[in-house]
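Peer 1: Model the structure of this input:
(3 chains, ligands or ions: 2)
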Amino acid sequence: MISEALAQGDSMIHRLDPCVRVVCAFGVSFALALSEQFGVLGLYLVFALVLVALASLGAGPVLKRLKPVLLFVLMIWVILPFTHEGEPLLRLGPLTMTRPGVELCLRITIKSVSILMVFIALLATMTVATLGQALHRLRVPDKLVFLLLMTYRYIAVIQEEYQRLLRAARFRGFVPGTNLHSYRTYAYLAGMLFVRASLRAQRVHNAMLCRGFNGTFRSLDSPLSNRLNPVFMTGVSALTLVLVVTELLWK
Amino acid sequence: MHISEGVLSGPVMMAGAALAVAGTAVGLKKIDYDRIVHVAILSSAFFVASLIHVNLGPSSVHLILNGVVGLLLGWAAFPAIVVALFLQAVFFQYGGITALGVNAVIMALPAVICYYLFSPFLNKGKKTVFAASFLAGAGSVFFSCLVLGFALYLTEKSFFEVSLLVVTANLPVMIIEGIVTGFCVTFFHKVYPEILPRPRGRSNP
Amino acid sequence: MTNPIIKLENISFAYPGATEKILDSLSLEVYHGDRIGMMAPNGSGKTTLFHTIMGLCRPDSGTIEIFGSPVSTEQEFQAVRSRIGLMFQDADDQLFCPTVVDDVAFGPLNLGLSADEARDRAREVLATLGIADLENAITHRLSGGQKRLVALASVLAMEPSVLLLDEPTAGLDNGVKEKLVKILNHLDISYVVISHEFNFLTAITDRVFSMESGKILSDDEVRIHQHEHMHKLGNHPHKHV
Ligand SMILES: Nc1ncnc2c1ncn2[C@@H]1O[C@H](COP(=O)(O)OP(=O)(O)OP(=O)(O)O)[C@@H](O)[C@H]1O
Ligand SMILES: [Mg+2]
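Peer 2: Ligands and ions are numbered 1, 2, ... in the order given. Modelled structure (predicted):
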């Protein structure tokens, strides 16, 4: 269920230092989210497409990942142009499409799709294990990194426990419906997950103690040296800077 | 329940991020080294449980259970939820980086509030426990809707209709969350009361 | 005779809130070079015994001596824990790091080795166990057998003086079991192994103990069948009276 298929590739992006990718993803995403001008947003969209291309992920998997956001975008196009007040653009029977409404939708569409493409190209192309290491090297607090890695580690284990519990319930004739009995059954299944999670946490904590854990997290650092790192970093920063300045001058 | 990327205005986005950082920092501070594994694995359980779909008439909704996490973890629910949301972003692209802050506040702040409001009633009789956890479950979804609506409204006055829509559309979800949280917590009471927070004063949340 | 590495004397233990004593005036001595098997029914307290030795369960009465000195406080246990390698019954409890190499290096890093030294140590142990190719594998994607071997590697990487293995063969196929037998027979280390498999235990241990009502039954009390024969319960340790 949780797949890290995109992390398997061997593109130029995959070979970059994870820290460089994390920093770039943050920088570009926020700069993008704060932009308003259509010209600039269009350039960001192109930028995001280039990053996806550099990660050579293929249109299929990327579109699949974009599905939730595309559905959302569809939804706002149905609502916002008609509810937003302002200069009318088009009349469709009793409904009026307004110019500000359409502009808002267009802006949201470009921003959300581009931000997610940047995310997919730069971050979804590494495993969470690598991501955690990168965050650690970027001085994110140890506790938070540990929390992230540990949560990630046990998702698959708990997911499997859930499947087993659900199967057992089905074998005993449980047919989910819209009724109190179903909700109670799901509540017990979910409750069981939390109980088992807590019991497992005790055992895992014990296992950590057995291997000499005493409250400090140490980890293997493995920076990837790659001549492309500084080049990529400089390139992305320069481009982002140009776009930010353009945005500011446009006003 | 979340806000998609690219919707929020700069100030709202930044305020959300700042609040999320602060909440996470407070939460992390409250977790000592003996508890961190517990928080992490409960966060995994939260992640998995929020993928459970329950029927609602002809369609289905997924569980949220931020109320349960809040009751179990107190302030520590904040970082636990942040981490789970981040992993959802990584695996499913429900969101990206820039909306993470606001979305974290939407989910985690109500969890912490419900902890303070309702956890004092968790060591009472069975009926009180069910009622308190029903309110915690339904209440945390309600608060989440309010925060979400507020963030949208601050971004664009014209989002007011959307905000109202969010709250009304989530009314059935609130009821389901209330019921599920109620049964879930009474289940804890029966099989494993140690998982519930001890009465405050003796341990820190 | 030298001093025992592990010495339990009159240990009694009940889980908090429970009345039943899981360990009841139990005594056990493990000496350097011992290769001990433990075979006892489910729920008889084998895992609890191991956890008591590691200081994860604190006995209600009795004394524990590890490497010749008494241990009772968390500090004292912390000091000896890394020299006893406990392999947990469920490998998923033990492998909590995202990748195999992180996991195997976790112990050595805690022992104060530098990142490079810890990585080398991890690689070395993985190679000894013949699973060097798993180095960068994601832990939760391993098969059950691979998880066991990595768990063993993570314990061996601490270079312990004695191993406590809690059902290392549960859920393993014969191939991996044989591999484990070979590995254990080549290790120059004392160990206590819990298993429900008689053949496995006889292949790797010199003595097999059992547990009953919270006490250890040593081989003086239990005649283990070293010979093959057919009779009811022939594959369980039992007395020949
Ligand atoms: N955390 C716990 N709290 C309360 N009771 C427990 C706990 N862990 C184990 N027990 C009880 O202690 C007894 C001994 O358990 P233990 O796990 O030591 O048995 P075991 O010999 O290892 O069994 P198995 O062969 O199934 O692994 C069992 O009756 C069990 O129910
Ligand atoms: Mg056991």
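Peer 1: residue ranges of the helices in chain A, please?
Peer 2: Per DSSP state H, chain A carries helices over the ranges A:12-15, A:18-33, A:38-54, A:59-83, A:99-122, A:128-137, A:142-171, A:180-210, A:228-250.
Peer 1: Is any residue of the shortest one near chain C?
Peer 2: Spelled out, it's helix A:12-15. No - legend: contact between helix A:12-15 and chain C by C-beta under 8 Å from any C-beta of the partner chain is lacking; minimum distance shown is 13.8 Å. C-beta coordinates here come from the backbone N, C-alpha and C atoms, glycine included.
Peer 1: Packing partners of that helix?
Peer 2: On a contact count with 3 or more C-beta pairs under 8 Å, 6 or more residues apart in numbering or on different chains; DSSP states H and E, helix A:12-15 meets helix A:38-54.
Peer 1: Next: the longest one.
Peer 2: Using 3+ C-beta pairs under 8 Å, 6+ apart as the contact test, the elements touching helix A:180-210 are helix A:142-171, helix B:36-49, strand B:53-56, helix B:66-73, helix B:171-191, helix C:74-81, helix C:91-94.
Peer 1: Is the last one positioned near ligand 1?
Peer 2: No - with C-beta under 6 Å from any ligand atom as the threshold, helix C:91-94 lies outside contact range of ligand 1, at a closest distance of 12.6 Å.
Peer 1: That helix and chain B in contact?
Peer 2: No - Helix C:91-94 lies out of reach of chain B by C-beta under 8 Å from any C-beta, never closer than 10.3 Å.
Peer 1: which other residues reach that helix?
Peer 2: A:154, A:157, A:200, A:203-204, A:206-207, C:87-88, C:140, C:144, C:147-148, C:150-151, C:154-155 (C-beta atoms under 8 Å, 6 or more residues apart in numbering or on different chains).
Peer 1: Dump that helix to PDB, keeping only the CA atoms.
Peer 2: Only the C-alpha atoms of helix C:91-94 are listed here, as PDB (Å, rounded to 0.1, in the frame of the first residue of the first chain):
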ATOM      1  CA  ALA C  91      12.000  -9.600  14.700                       C
ATOM      2  CA  ASP C  92       9.800  -6.600  13.900                       C
ATOM      3  CA  ASP C  93      10.300  -5.400  17.400                       C
ATOM      4  CA  GLN C  94      14.000  -5.500  17.100                       C
END
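Peer 1: related to what we said a few turns ago, using neighbour counts, give me the buried entries of the contacts of helix C:91-94.
Peer 2: By neighbour count, with 16 or more other C-beta atoms under 10 Å in any protein chain shown, the contacts of helix C:91-94 hold A:154, A:157, A:200, A:203-204, A:206-207, C:87-88, C:140, C:147-148, C:150-151, C:154-155 as buried.
Peer 1: Closest to the centroid, which residue in the chain?
Peer 2: Because you didn't say which chain, this covers chain A. By C-alpha atoms, centre = their mean, chain A has its centre lying nearest to A:Phe119, at 6.0 Å.
Peer 1: hmm, I had chain B in mind actually
Peer 2: Nearest residue to the geometric centre of chain B (C-alpha atoms, centre = their mean): B:Asn66, 2.7 Å.
Peer 1: excluding its backbone neighbours, what's nearest that one?
Peer 2: Closest residue to B:Asn66 apart from its sequence neighbours, by C-beta to C-beta, 6 or more residues apart in numbering or on different chains: B:Ala111 at 4.4 Å.
Peer 1: got the contact list for residue 82?
Peer 2: You didn't pick a chain, so chain A it is. By C-beta under 8 Å, 6+ apart, the residues touching A:Phe82 are A:95-98, A:101.
Peer 1: let's do chain C instead
Peer 2: Counting by C-beta under 8 Å, 6+ apart, the residues that C:Ser82 touches are A:210-212, C:107, C:110-111, C:158, C:160.
Peer 1: Of these - the most surrounded one?
Peer 2: Highest neighbour count within the contacts of C:Ser82: A:Cys210, with 28 neighbours (other C-beta atoms under 10 Å in any protein chain shown).
Peer 1: hang on, that one packs against C:Met54?
Peer 2: Yes - with contacts counted by C-beta atoms under 8 Å, A:Cys210 reaches C:Met54, the gap being 5.7 Å.
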